[in-house]
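**Student:** would you be able to build a 3D model of this:
(2 chains)
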Amino acid sequence: MSETFRPSDADQVLETVAWAVAEEQPLEIRGAGSKQNLGRPMADCRVLDLSALTGLTYYEPGELVLAAWAGTPLSVIEAELSENGQRLAFEPADYGRILGNVAGQATIGGLVACNISGPRRVQVGAARDHCLGVSGVSGRGEAFKSGGRVIKNVTGYDLSKLMTGSYGTLAALTEVTFKVLPVPEKTRTVLIFGHGEAEGIAVLSQASASALEPSGLAHLPAVAAARSSVGYVAKAGASVTAIRVEGPGPSVEARCRSLRGLFGGTGRTEELHGHNSGTLWREIADVTLLGSSDGSLWRLSVPPSTASGVVSAVEAQLPLSCRVEVLFDWAGGLIWLDVTGAENAAHDVIRGVIRDEGGHATLIRASVDVRRAVPVFQPPEPGLAALNARVKQGFDPRGIFNPGRMSTDY
Amino acid sequence: MKMPEPDGNVIAGRDALIAFLRGVVAEEGVIWSENELKAYECDGLTAYRQVPLAVVLPQDTRQVSEVLKICSAHGAKVVPRGAGTSLSGGAMPLADGVLLGLGKFNRILEIDYENRCAVVQPGVSNLAISDAVADADFYYAPDPSSQIVCTIGGNVAENSGGVHCLKYGVTTNNILGLEIVLMSGEVVRLGGKHLDTDGYDLMGVMTGSEGLLGVITEVTVRILKKPEVARAVLVGFADLEDGGRFVADVIGAGIIPGGMEMMDKTATHAAEAFCQAGYPMDAEALVIVELDGHATEVDHLIGQVEEIARLCGASSLRTSQSEDERLTFWSGRKAAFASIGRISPDYYCMDGTIPRRALPEVLRRMAQMSARFGLRVANVFHAGDGNLHPLILYDANQPGELEMAEEFGAEILKLCVEVGGVLTGEHGVGVEKRDLMGEMFSAADLEQQQRLKCAFDPEGSLNPGKVFPILHRCAELGRMHIHRGQVPFPDIERF
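**Tutor:** Numbering: from 1, shown residues only, chains lettered A, B, ... in the order given. Next up, the predicted model:
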């Protein structure tokens, strides 16, 4: 096993990185390691373990702002927020299980590095929309910060956005600041049974374009629905189209009635209350309703109207020996594809379809060999790729951080 | 305000540059006569003026690309401009710079209801987007007060906000895609009609980059269904502290209003004189809380807000009973800046953000400064998101008053930073707050930001002299200072 440095504070992170820069020693940045298998495999190198940087550094519930050291477990932050009736509204998903690790380990820094958002992303935005500020150490061995501890701020470039989703290739984050929001009084989910993919997404699209403010819009084909631990969903024996509404009690009840009125004519409906609703959306967020544990798992971000077409096009082009399972979230804007039995995760087929329809495909889970052989992230156009490389150069000119994690070039 | 030293060679080569530009952009799209250039000498920050070297008004992306290539080849700087409503001098011209106006990019290219988005050119006004989708009951959420004229390209460049930010977010949360042209002339597309894009979030850094990274030539915005209903509560408080507590208690009750605005007595009186909105004249703090959404929800929350207002000791309380009444409540707030213009020959609009709880302290200390400078100040506060707009009243015809107002403004912004806030919430740094950046950021922070600029614009030709107090060459910024050979950290845990 490679040597691991485990600094205990931001100064020690700076010291470690400064040494690595001087000696040109690459570092793999790691929080809890729960998403270690996400991204391109890296060459063996020393590990910069940030799991000792824990604890909240600022939390003012009245300001709706929370800051924490980057290695703070998400579970700690969520517990603290929950005590104050608040939450990270973008609904951080836990990829621990689908990536072959245990759930519940993720850190807030890792969440920023991977920009992971759950079903509520359609209503309130992504992790990147809620990240207000960052502090970290660049690959030049220099500490820097960006953003602030207030919700509205345009002072200087928004480097918080740049860090979110950069997979630790630009800086070692030491502290992050988030906007938080109150937990609504009541949550319910309206289920509509038996729709085909195209019809289900049409329903979601209509709900999304209504004034009913849905906070979750997913379509589960029958195979995925059958795996739910929520009885109403699993025993449906049919596909399930799920629409979640949240808010004050009377409002939620009225909006559920409106939704059932709007879509009741299209299929049998049911309503999930607090606990069951929470379980179902957790399963959707964490992608635990798709079958294989060893197949390749793709996350496709597409214009919602193309969703069912994208899936049919992929299915039509795959050899018959392949098995595909699918789950739609974000009103069709997010497609999870679980592919087994395809060579190289069917990357050429999937990327080909995406090229025609627009959007992005990310290979979230695949064997080391496959992730080495095909691009994990959507390959950018040449001009954008060159610009990305220059951005990397500006933050990490010697390629110290997570070399090769996102691309062969940086 | 000291701007970068103009390059004499570029000024001397003006005629040749204009000839090249005319080869790309049709006759009336290149402006160089002294009289016509004068119209472009400033933006919304009228205290600073500079006639540009030339103005060019391209009408498509190819022309923008060609113009930037020509300017690069001639070493000319470029200042992009939308409607010129910047309050921070973001579009202030440079003596050796070409002003690149995007006014001809005024078309809405596509409205896609199925994907809840619209593709528009950067010169389209903010309000025109909402107007174009109003028939289908959709709208574009961010609504800066200049929305009738300000352009979406400028909104992206400044990451503009408005009065609905807490619930609906600012520009960066409401755009899906961009087409930009780099100073090299290269065209790059970011995002699209899908929600998330993997790879570096360059759309995120373009938004709010104040025209320093690239020229925006196309924007894909998210459009939302209009809320079913909106109602507003107008609450007066005899004491500012009570008003502050009311705002905190609304948020504390888990309510996220569509808008929550506060005005102090000076602003309230000015607005009332201008609009006759029926504001209570005895209130030290006037708060408008707007709830929007499903009718049942709005009625329910209005009841809660009224109850909180009573508990906080409101001296007056009115709830809109009709759409007309709601709009009347807003009419005074929306005209607040204009109404100040009637009670003072000039005013200087500031834009700090503070933690909400610091509001009473900040207002108290501003009142002390106001007495010290002998200049009145009126306050308009986006209470939902902590964005404070103090308006400093002065008379530019009185020698020294402008300088005094600027000094007062700088002290206010330093105070915002001191209490845990920031220099600018939505107007941008521009030239106005450039020299205050050191109050918030270390030299290393600012140098790292400038290294991002180097990735987009290595020669530093795009809108220089804005945002950063000290300009460094990219070669200098790229240099590494390595200290080798030290024994590494005996106290760090390793295994």
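**Student:** for the closest residue to A:Asp49 other than its chain neighbours, grab the count of nearby residues.
**Tutor:** Ranked by Cβ to Cβ, 6 or more residues apart in numbering or on different chains and with sequence neighbours excluded, the top spatial neighbour of A:Asp49 is A:Arg6, at 4.4 Å. Bear in mind the C-beta positions are built from the backbone N, C-alpha and C, glycine included. Other residues near A:Arg6 number 19, with proximity taken as other Cβ atoms under 10 Å in any protein chain shown.
**Student:** any idea which element the closest residue to chain B within the stretch 51-200 of chain A lies in?
**Tutor:** Distances from the stretch 51-200 of chain A to chain B, computed as Cβ to the nearest Cβ, single out A:Lys161 as the nearest residue at 2.6 Å. Of the helices and strands defined by DSSP states H and E, A:Lys161 is found in helix A:159-163.
**Student:** what's that helix packed up against?
**Tutor:** Counting contacts by 3 or more Cβ pairs under 8 Å, 6 or more residues apart in numbering or on different chains; DSSP states H and E, helix A:159-163 is packed against strand A:131-138, strand A:143-147, strand A:171-179, helix B:202-206, helix B:443-456.
**Student:** and the angle from the second one to strand A:171-179?
**Tutor:** What that stands for is strand A:143-147. Angular relation of strand A:143-147 and strand A:171-179 on a 0 to 180 degree scale: 30 degrees, by axes from the mean of the first three to the mean of the last three Cα atoms, to 10 degrees.
**Student:** which residues touch the residue of the stretch 51-200 of chain A closest to chain B?
**Tutor:** A:128, A:131, B:172, B:201, B:203-205, B:207 (Cβ atoms under 8 Å, 6 or more residues apart in numbering or on different chains).
**Student:** of all those, which two lie farthest apart?
**Tutor:** A:Cys131 and B:Met203 (14.4 Å; Cβ to Cβ).
**Student:** neighbour-wise, which of these two wins?
**Tutor:** Regarding A:Cys131 and B:Met203, a neighbour count based on other Cβ under 10 Å identifies A:Cys131 as having more, with 25 against 22.
**Student:** and the nearest residue to the more buried one once chain neighbours are set aside, how many residues sit next to it?
**Tutor:** In space, and not counting its chain neighbours, A:Cys131 is closest to A:Ser160: 4.6 Å by Cβ to Cβ, 6+ apart. A:Ser160 has 26 neighbours, counted by other Cβ under 10 Å.
**Student:** what's the answer for the one 4 residues further on, then?
**Tutor:** Other residues near A:Thr164 number 26, with proximity taken as other Cβ under 10 Å.
**Student:** also B:Gly303?
**Tutor:** Around B:Gly303 sit 11 other residues, with neighbours defined as other Cβ under 10 Å.
**Student:** now do it against B:Leu291, distance only.
**Tutor:** 10 Å (Cβ to Cβ, to the nearest Å).
**Student:** now the strands for the stretch 251-400 of chain B?
**Tutor:** Per DSSP state E, counting those that start in this stretch, the stretch 251-400 of chain B has strands spanning B:259-264, B:285-293, B:316-319, B:346-349, B:352-353, B:377-382, B:387-394. These are given in chain order.
**Student:** same thing with the stretch 251-400 of chain A?
**Tutor:** Applying DSSP E, counting those that start in this stretch to the stretch 251-400 of chain A gives strands spanning A:269-272, A:296-301, A:323-329, A:334-340, A:360-365.
**Student:** so which residues on the stretch 51-200 of chain B come close to chain A?
**Tutor:** By Cβ under 8 Å from any Cβ of the partner chain, the part of the stretch 51-200 of chain B that sits against chain A consists of B:112-116, B:137-138, B:158-159, B:161, B:165-166, B:169-170, B:172-173, B:182, B:186-190, B:192-200.
**Student:** mind checking which of the residues you listed land in helices?
**Tutor:** Residues from those lying in helices, with DSSP state H as the criterion: B:158, B:165-166.
**Student:** who wins on neighbours among these?
**Tutor:** Each of these was scored by neighbour count (other Cβ under 10 Å); the top score is that of B:Glu158, with 31 neighbours.
**Student:** so what pLDDT did it get?
**Tutor:** Model confidence at B:Glu158, expressed as pLDDT, equals 97.
**Student:** for B:Leu166, same thing?
**Tutor:** Among the per-residue scores, B:Leu166 holds a pLDDT of 89.
**Student:** just give the nearest non-adjacent residue to it, would you?
**Tutor:** Beyond its immediate neighbours in the sequence, the residue positioned closest to B:Leu166 (Cβ to Cβ, 6+ apart) is B:Gly384, lying 3.6 Å away.
**Student:** show me what contacts the one you found?
**Tutor:** Taking Cβ under 8 Å, 6+ apart as the contact definition, B:Gly384 lies against B:163, B:165-167, B:247, B:251, B:256-257, B:259-261.
**Student:** how about A:Trp344, nearest residue that isn't a chain neighbour?
**Tutor:** To be clear, residue A:344 is Asn; Trp isn't right here. The nearest residue in space to A:Asn344 (Cβ to Cβ, 6+ apart) is A:Val374, at 5.2 Å.
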